[in-house]
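Chemist: just the structure for this:
(one chain, ligands or ions: 1)
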Amino acid sequence: MIWSLVKIIFFVVAVAALALGAGWLLESEGGIQIVVAGREYTLGPLQSVIALVALIFAVWVLLKLLGLLLAVWHFLNGDDTAISRFFARRKYSKGFDALAEGMMALASGEARTALAKAEKADRYLDRPELTSLLTAQAAEMAGDRKKAEETYRKLVTNDATRFVGVRGIMKQKLADGDTDTALQLAEKAFAIKPKHEETQDILLKLQADKEDWKGARATLSAKLKHGSLPRDVHKRRDAVLALSEARKILEEDETIEAREAAIEANRLSPDLIPAAVMAAHGYIEKGQKRYATRVLKKAWEAQPHPDVAAAFAEIEPNEGPAERLKRFVALTKTKADHPETKMLMSELHIAAEDFPAARRALGDLAESDPTTRSLTLMAAIERGEGASDAVVQGWLARAVTASRGPQWVCDNCQNIMGAWAPTCNNCGAFDTLTWKRPPSAEIALPGGSEMLPLLVGAPEQTKDGTDVTVVDDADVIEAEDMGNPAVKSS
Ligand SMILES: [Zn+2]
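Modeler: Okay, the predicted model is just below:
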């Protein structure tokens, strides 16, 4: 209410003041003189006020006009952004075209083209992680190692592409044979991507090569954890690693730890012959003959092997041939028809000088499965039974050219190794050694069979007058000795 009253009063006062002002202006003398183009205008006081108001209005209109112009300029500016966007789009599409062409060239094996396209794509696109990938692969294919390495180093700096970079450099180091650096890089790559199967395998191989068995076992369990390894394969390989660990510890003269590791390896994979033998040795040292017997029996069940028989003999080193024969029945009653079992029994009978029993034990093995060992055993039996030198020599001559029977053969490259090892010394593959017959005749004496008539008969003169030396059969038997200490001790 008061506010309305104040407003009314203010209005009345303003009107009164205006009326008074107008009256005062009309009555007052003078005004404003304006000269325009030589003509003089004289404005009276009231006219001057009206002209001033008109001027203010004109300025306002001008300002509005200026705003409009500015808007137009903005509009034009906006048009410019659209144009630049248009150009950017063109640049992008050119870049992606180059990238696509580069990938196509890479797939068709045109390394140089791919490299050029990668460079072009890099110029147009601001996507170094994409274009560097193409550059690295193209450089690798073109054999430009320096450029490839440079690009890999660039990739390492980006989080998204670090793995690719590390892997690239690691492969280069592997190709250079710089396994120390490669191992470090493999560890790094494994830390970034523990599920990457290829990295796991490379790391495992490098660790095995460096005999870092503990590290290798950790990698192997990561492989199992991430599902790239069946559980039974893991168990077997873990056993191989545990055995390798045991052998290494044994070299360092820490027999107790080695014994434990060997027993662990044997537990993981009872059919791993060297683990069984080592575990048995451990038990024998501790005086636990029953455990040793059990371990070896289990191994024999899985794979009859001369090393198992030798270890079995060591359980009782001082027994006589008859007691030994009796004790070995426990081992040989399983797999009785296996050639290894037959040969072992035959050897034990020969040691006990029971040659007819030895012949029975061997059966027709010398005919059905003639190997150096079975033929040498036949020679020993014939000699024991008092056969003529010619007969004995005949068997020995055949033994020289016969197959050597099962050996440690690499499943990967068919390399034959004298003793079991976790990795093949030829191809470097891990756990590929199998006790089996080499796929082809590993030794073929040139003209072996043609020599037989000369060897089998009594020594005779050759054309040039020298004696054909017939190998002393006793020496051969000793040299070959059926490769088994089971017989030696008696
Ligand atoms: Zn191999």
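Chemist: tell me the secondary structure at the residue most central in space within the chain.
Modeler: Geometric centre of the chain, nearest residue: residue 201, 2.3 Å, by C-alpha atoms, centre = their mean. Put simply, residue 201 is helix when judged by DSSP: H, G, I helix; E, B strand; the rest coil.
Chemist: same check on the one 10 residues further on?
Modeler: Here residue 211 is recorded as coil under three-state DSSP.
Chemist: phi first, then psi, for the nearest residue to it once chain neighbours are set aside.
Modeler: Leaving aside its sequence neighbours, residue 211 sits nearest to residue 248 (C-beta to C-beta, 6 or more residues apart in numbering; 6.0 Å). From N, CA and C alone the C-beta is placed, and that goes for glycine too. The phi/psi pair for residue 248 (degrees, to the nearest 10) reads phi -70, psi -40.
Chemist: isn't residue 248 right next to residue 213, touching?
Modeler: Yes. Between residue 248 and residue 213 there is a contact under C-beta atoms under 8 Å: 6.3 Å.
Chemist: more crowded one of these two?
Modeler: Between residue 248 and residue 213, residue 213 has the larger neighbour count (other C-beta atoms under 10 Å), namely 22 against 16.
Chemist: now do the contacts for the more buried one.
Modeler: 207, 241-242, 244-245, 248 (C-beta atoms under 8 Å, 6 or more residues apart in numbering).
Chemist: can you pull out the strands in this protein?
Modeler: With DSSP state E as the criterion, the chain has strands at 32-36, 39-43, 407-410, 416-417, 433-436.
Chemist: excluding chain neighbours, what is closest to residue 414?
Modeler: Nearest one to residue 414, counting by C-beta to C-beta, 6+ apart, is residue 439 at 5.7 Å.
Chemist: from the ion, how far off is the nearest residue to residue 275 once chain neighbours are set aside?
Modeler: Nearest residue to residue 275, sequence neighbours excluded (C-beta to C-beta, 6+ apart): residue 265, at 3.9 Å. Residue 265 sits 21 Å away from the ion, going by C-beta to the ion, to the nearest Å.
Chemist: check residue 115 too.
Modeler: Counting by C-beta to the ion, the gap from residue 115 to the ion is 37 Å.
Chemist: ok so, going back, pretty sure the residue nearest to residue 414 contacts residue 413?
Modeler: No. Using C-beta under 8 Å, residue 439 makes no contact with residue 413, being 11.0 Å away.
Chemist: between the two, which one's more packed in?
Modeler: When residue 439 is set against residue 413 and neighbours are counted by other C-beta under 10 Å, the residue ahead is residue 413, at 12 against 8.
Chemist: quick one, phi/psi of that one?
Modeler: Torsion angles, degrees, to the nearest 10, at residue 413: phi -120, psi 0.
Chemist: who's in contact with it?
Modeler: Residue 413 neighbours (C-beta under 8 Å, 6+ apart): 424, 426-427, 429, 432.
Chemist: how far does stretch 379-392 stretch from start to finish?
Modeler: 5 Å (C-alpha to C-alpha, to the nearest Å).
Chemist: separation between the residue nearest to residue 414 and residue 405?
Modeler: Distance of residue 439 to residue 405, given as C-beta to C-beta, to the nearest Å: 13 Å.
Chemist: again with residue 346
Modeler: Using C-beta to C-beta, residue 346 is found at 14 Å from residue 405.
Chemist: pick out whichever of those two has more residues nearby.
Modeler: Applying other C-beta under 10 Å to residue 346 and residue 405 shows that residue 346 carries more neighbours, namely 28 against 20.
Chemist: pretty sure that one contacts residue 358?
Modeler: Yes. Between residue 346 and residue 358 there is a contact under C-beta under 8 Å: 4.6 Å.
Chemist: which neighbours do those two share?
Modeler: 377, 381.
Chemist: distance of the residue in the stretch 151-300 of the chain that the ion sits nearest to relative to residue 401?
Modeler: Using C-beta to the ion, the closest approach of the stretch 151-300 of the chain to the ion is made by residue 205 at 12.4 Å. From residue 205 across to residue 401, the span is 38 Å (C-beta to C-beta).
Chemist: these two: which has the busier surroundings?
Modeler: Taking other C-beta under 10 Å, residue 205 and residue 401 do not tie; residue 205 has more neighbours (21 against 18).
Chemist: packing partners of the lengthiest helix in the chain?
Modeler: Among the segments of the chain that qualify as a helix by DSSP state H, the longest is helix 45-107. Counting contacts by 3 or more C-beta pairs under 8 Å, 6 or more residues apart in numbering; DSSP states H and E, helix 45-107 packs against helix 2-27, helix 111-124, helix 128-142.
Chemist: deepest of those helices, which one?
Modeler: Burial of the helices and strands packed on helix 45-107 is given as mean neighbour count (mean count of other C-beta atoms under 10 Å); helix 128-142 ranks first at a mean of 21.
Chemist: now the angle between helix 45-107 and that one, please.
Modeler: Taking axes from the mean of the first three to the mean of the last three C-alpha atoms, to 10 degrees, helix 128-142 and helix 45-107 form an angle of 30 degrees between their directions.
Chemist: how far does helix 128-142 sit from its chain's centre?
Modeler: Taking C-alpha atoms, centre = their mean, to the nearest Å, one finds the center of helix 128-142 at 22 Å from the center of the full chain.
Chemist: send me it as CSV with only the CA atoms.
Modeler: The C-alpha coordinates for helix 128-142 follow below in CSV (Å, rounded to 0.1, in the frame of the first residue of the first chain):
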residue,chain,number,x,y,z
PRO,A,128,50.1,-44.0,-33.8
GLU,A,129,49.1,-47.3,-32.0
LEU,A,130,47.4,-48.5,-35.2
THR,A,131,49.8,-47.3,-37.8
SER,A,132,52.8,-48.4,-35.8
LEU,A,133,51.5,-51.9,-35.6
LEU,A,134,51.3,-52.0,-39.4
THR,A,135,54.7,-50.4,-39.7
ALA,A,136,56.3,-52.9,-37.3
GLN,A,137,54.9,-55.9,-39.2
ALA,A,138,55.8,-54.5,-42.6
ALA,A,139,59.3,-53.7,-41.5
GLU,A,140,59.6,-57.2,-40.0
MET,A,141,58.5,-58.7,-43.3
ALA,A,142,60.8,-56.5,-45.3
